[in-house]
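Undergrad: give me a 3D structure for the following:
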Amino acid sequence: MSYIKSPVATVCIGGAASMAAILLAGGAPGKRCALPHSSIMIHQPLGGTRGQASDILIYANQIQKIREQSNQIMQYHLNKAKGFDKYSLEEINDLMERDKYLSVTEALELGVIDEIFSTRKDQDKPMKEEGEEEEKKY
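TA: Below is the predicted model of the structure:
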């Protein structure tokens, strides 16, 4: 999503778990929203393997690399949303250590989303561009 020049809006309708939560956080700042009763779950990568000990070790090393990358991506998007480096990588590691279910209010405070849509009217209004003022209606 970072490769796309146009700002990408992300909307959580019901739930965003695992990688979907990272994609939700990866939307353009100011364009990430959720419906009021949505649930967002974040956690470290999950997987499993079997086989020879050497193959299991290869898999464990790979999933650890994926965990580090996922945490760096989440740290980048949460800090970008806040406009400053609020979260250290250690804090993100702690946050993503176990399954963590967030209400939309918690997701808003954390910086995963920027807005909670509460009515259909909110959803119909266009999201503001950066620096754009609210349209006045007379």
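
Undergrad: I'd assumed Pro29 was in contact with Val112.
TA: No - look at Val112 against Pro29 with C-beta atoms under 8 Å: they stay out of range, at 11.5 Å. Glycine gets a C-beta too; all of them are placed from N, C-alpha and C.

Undergrad: neighbour-wise, which of these two wins?
TA: More neighbours surround Val112 than the other of Val112 and Pro29, with 27 against 14 (other C-beta atoms under 10 Å).

Undergrad: pull out the buried residues from stretch 13-23.
TA: For stretch 13-23, burial by neighbour count (16 or more other C-beta atoms under 10 Å) applies to 16, 21-23.

Undergrad: out of the residues you listed, which two sit at the greatest distance?
TA: Ala16 and Ile22 (8.8 Å; C-beta to C-beta).

Undergrad: which neighbours do these two share?
TA: Counting by C-beta atoms under 8 Å, 6 or more residues apart in numbering, Ala16 and Ile22 have no common neighbour.

Undergrad: quick one, what contacts the spatially most central residue of the chain?
TA: Nearest to the centroid of the C-alpha atoms of the chain, with distances taken as C-alpha atoms, centre = their mean, sits Ala25, at 2.4 Å. When contacts are counted by C-beta under 8 Å, 6+ apart, Ala25 is found next to 10, 32, 74, 77-78, 81, 111-113.

Undergrad: which one of the residues you listed sits closest to Gln44?
TA: Nearest to Gln44, judged by C-beta to C-beta, of the contacts of Ala25 is Met74 at 10.4 Å.

Undergrad: and the next helix or strand past the helix or strand containing Arg67?
TA: In this structure, Arg67 sits in helix 53-82 according to DSSP states H and E. Using DSSP H and E, the helix or strand that follows helix 53-82 in sequence is helix 89-95.
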